[in-house]
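Q: Dropping a prediction and its sequence here:
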Amino acid sequence: MATTKNNTLKLKFDSARNLSPSLESLSAVKIEPRFELFINGKFEQPLSRKYFATINPANEEKLAEVAVANKADVNRAVHAARNAYEKVWKTMPPNERAKYMYRIARMIQERAREFAVIESLDGGKPIRESRDFDIPLAANHFFYYAGWADKLEYAFPNRLAQSLGVAGQIIPWNFPLLMAAWKIAPALATGNTVVLKPAETTPLTALKLAAIIQESDLPPGVVNIITGAEETGAAIVEHPNIDKIAFTGSTEVGKIIQRAISGTHKKATLELGGKAANIIFDDAPLDQAVEGVINGIFFNQGHVCCAGSRLYVQESVYQQVIKKLKDRMETLIVGDPLDKNTDIGAINSRQQLDNINKYLKIGQQEGAEMYQSSCDLPKRGFFCRPTIFTNVSQSNRIAQEEIFGPVLTIQSFRTDDEVIEKANNTPFGLSAGVWTDKGSKIFNLTSKLKAGVVWANTFNKFDPASPFGGYKESGYGREGGLHGLLPYLKLV
Ligand code: NAD
């Protein structure tokens, strides 16, 4: 009887994995062989005369060459942004500013398919994710903040909201276009100008956004997009003519930035790492909860700062949840990011894959029990099987440190107080999830979990109107919603 059931299950998994490929077309996509720096409304060669390659992590092939901005290039970009701020943007009527933003939002929508494909090619995320989440949400951020541009007196009644000047914005590789929109839109709505640097492994959609910005006739210098790695980011942070730093990335770099700007006039928002707890109580709808856990850590390769990377399951349903989770993991498809059937795409870079593999070893050395789905991995590119660890203790490194990959640690708990203590016991505090039938339990936990966002009976839900940000080593400041206007303003 058990064998028949296992065979049926195996057939189900095999048929899920053996779907015919359904590849997204590349016909809407044009990737230039070389990208320059976008400064003062023009694409300019870098003074550094240097370029670096950006590759497709799913096959390790080069997609394009991208300029490296050195200190002199950063200086040019900051100068252009300052000039545009003083001469045009600061004094432009807010409803006029909004018109440009609406235009950019519409243009992102019009070219959504191209953006989605490039995001998946350059970053490795499944096309379903770029198409249905990243790109629409990026456009929505421009729409949402365009709406605020001429309503700041309603956002902050009886106060005069003044812009700060030039914002230096540095973003990571996990949501390249979305993070760019998340940073640029509130800055423009509040009358600031921008120098933005995308991550070195995923610069292409930000540079495509630069082309849209140029086409939109936004006054030159209001948005400058420059590329490069750590040195370029550091030069932005240290530039004396920048008034605000908006950074999203690792806690380690966030601390470097915090030290670099201490004692200066620069304001900052730091959106850093996370180690979110996803908590399942025994009265939760278990199938729905397991689906939420899968969505929270495995989709998008776990490359999400708010990924639910620690699962806590109430003891009485622990075995049941583990079983359901393993069954569901077996149906996940790891593979070509451009295939619409793919659930888990490529890990963003070799360096990140090495880092994940390092943690898989650490977890086993710490005595945790590792289980990976049995799927095949593509022969080329950077891929990782969805992985869970059981028999984990709270002090294990895999339960404390951010892995940023499709790796989940699982522990059981008995009482509310115990799980609250365990969930809060990390250096991070970005997000958390609670799965239960009881509203009272949700309110009890949401008020005690030290996390910027707590989702109840869902996970990883975003909306431009909703603020996002961390506690503790997950950073400070809020982005999104009305709260996201404040870091770009001085209220007098
Ligand atoms: P990272 O910190 O290595 O790099 C982020 C950006 O900072 C890149 O553009 C990089 O070039 C730049 N940079 C690197 N060193 C710098 C320096 N010394 N000065 C200035 N800039 C510098 O992070 P990553 O690996 O690209 O992204 C993953 C991290 O981002 C994870 O820790 C994740 O949790 C975090 N993240 C947080 C949020 C959030 O909202 N809290 C969102 C997405 C990602």
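A: Cool, got the structure. Note that the structure is a prediction, hence the values are computed from the model and not measured. Numbering: from 1, shown residues only.

Q: then stretch 476-491 to CSV, C-alphas only?
A: This file holds the C-alpha atoms of stretch 476-491, laid out as CSV (Å, rounded to 0.1, in the frame of the first residue of the first chain):
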residue,chain,number,x,y,z
TYR,A,476,17.0,52.0,10.1
GLY,A,477,14.6,54.3,8.3
ARG,A,478,11.5,53.3,6.3
GLU,A,479,11.0,53.1,2.6
GLY,A,480,7.6,52.9,0.9
GLY,A,481,4.4,54.6,1.8
LEU,A,482,4.1,58.0,3.4
HIS,A,483,6.9,57.1,5.8
GLY,A,484,9.2,56.7,2.7
LEU,A,485,8.9,60.4,2.0
LEU,A,486,10.3,61.5,5.3
PRO,A,487,14.0,60.4,4.8
TYR,A,488,14.1,62.8,1.8
LEU,A,489,12.7,65.8,3.6
LYS,A,490,13.5,68.4,6.2
LEU,A,491,10.3,69.4,8.0
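
Q: Show me what the helix or strand Ile256 falls within is packed up against.
A: Under the assignment given by DSSP states H and E, the secondary-structure element containing Ile256 is helix 251-261. Using 3 or more C-beta pairs under 8 Å, 6 or more residues apart in numbering; DSSP states H and E as the contact criterion, the elements in contact with helix 251-261 are helix 230-238, strand 244-248, strand 267-271. Where you see a C-beta, it was placed from the backbone N, CA and C, and this is true even at glycine.

Q: winner for burial among the ones you listed?
A: Highest mean neighbour count among the helices and strands packed on helix 251-261 (mean count of other C-beta atoms under 10 Å): strand 244-248, with a mean of 25.

Q: Report whether it contacts the ligand.
A: Yes: using C-beta under 6 Å from any ligand atom, strand 244-248 reaches the ligand at Thr248.

Q: Who are the packing partners of that strand?
A: Here strand 244-248 is seen to pack against strand 166-170, helix 176-189, helix 230-238, helix 251-261, strand 267-271 when contacts are counted using 3+ C-beta pairs under 8 Å, 6+ apart.

Q: Starting from that strand, tell me which strands it pairs with and how they run.
A: Its sheet considered, strand 244-248 pairs with strand 166-170 (parallel), strand 267-271 (parallel) by DSSP bridges.

Q: do the first one and the ligand meet?
A: Looking back up the chat, that one is strand 166-170. Yes: using C-beta under 6 Å from any ligand atom, strand 166-170 comes into contact with the ligand via Ile170.

Q: Can you give me the buried ones in that strand?
A: Neighbour counts over strand 166-170 (16 or more other C-beta atoms under 10 Å) mark 166-170 as buried.

Q: Check the spacing between the residue sitting nearest the centre point of the chain and the ligand real quick.
A: Within the chain, one residue has its C-alpha closest to the average C-alpha position: by C-alpha atoms, centre = their mean, that is Phe175, at 4.0 Å. Between Phe175 and the ligand the distance is 6 Å, computed by C-beta to the nearest ligand atom, to the nearest Å.

Q: How about that residue: what's its closest non-neighbour residue?
A: Using C-beta to C-beta, 6 or more residues apart in numbering and skipping the chain neighbours, the partner closest in space to Phe175 is Asp134 (5.9 Å).

Q: ok, now which ones touch that neighbour?
A: Listed by C-beta atoms under 8 Å, 6 or more residues apart in numbering, the contact set of Asp134 reads 115-116, 119, 125, 175-178.

Q: closest to the ligand among the residues you listed?
A: The ligand has its nearest neighbour among the contacts of Asp134 in Phe175, at 6.2 Å by C-beta to the nearest ligand atom.

Q: Now for the residue of the chain at minimum distance from the ligand: which residues touch it?
A: Of the chain, the residue with the smallest distance to the ligand, taken as C-beta to the nearest ligand atom, is Gly233 at 2.2 Å. Applying C-beta under 8 Å, 6+ apart to Gly233 gives the contacts 170, 197, 253.

Q: for Lys90, same thing?
A: Going by C-beta under 8 Å, 6+ apart, the list of residues near Lys90 reads 163, 191.

Q: mind checking which helix or strand the nearest residue to Gly405 once chain neighbours are set aside is in?
A: With C-beta to C-beta, 6+ apart as the criterion, Gly405 has its nearest non-adjacent residue at 3.5 Å, and that residue is Ile356. Element membership for Ile356 (DSSP H and E) is helix 350-365.

Q: May I have the helix or strand just after that helix as PDB, with CA atoms only?
A: Following the chain from helix 350-365 toward its C-terminal end, the next helix or strand by DSSP H and E is strand 369-372. Output for strand 369-372, consisting of C-alpha atoms alone and laid out as PDB, is shown next (Å, rounded to 0.1, in the frame of the first residue of the first chain):
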ATOM      1  CA  GLU A 369      20.300  17.200   9.500                       C
ATOM      2  CA  MET A 370      20.300  18.400   5.900                       C
ATOM      3  CA  TYR A 371      17.600  17.400   3.300                       C
ATOM      4  CA  GLN A 372      17.700  18.500  -0.300                       C
END
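
Q: List the strands paired with the helix or strand following strand 369-372, with their directions.
A: With elements assigned by DSSP H and E, the helix or strand that comes after strand 369-372 is strand 387-390. For strand 387-390, the pairing partners within the sheet under DSSP bridges are strand 369-372 (antiparallel), strand 407-413 (parallel).

Q: which other residues reach the shortest one?
A: By C-beta under 8 Å, 6+ apart, the list of residues contacting strand 369-372 from outside reads 326, 329, 360, 363-364, 385-391.

Q: if you set the cut-off to 10 Å instead, what comes out?
A: Residues outside strand 369-372 that contact it (C-beta atoms under 10 Å, 6 or more residues apart in numbering) are 322, 325-326, 329, 360-361, 363-364, 384-392, 398, 406-408, 410.

Q: Show me which of those are buried.
A: Judged by neighbour count, with buriedness set by 16+ other C-beta under 10 Å, the buried members of the contacts of strand 369-372 are 322, 325, 329, 360, 363, 384-390, 392, 398, 406-408, 410.

Q: quick check: mean pLDDT across the helix holding Ile256?
A: Per-residue pLDDT values over helix 251-261 give a mean of 97.
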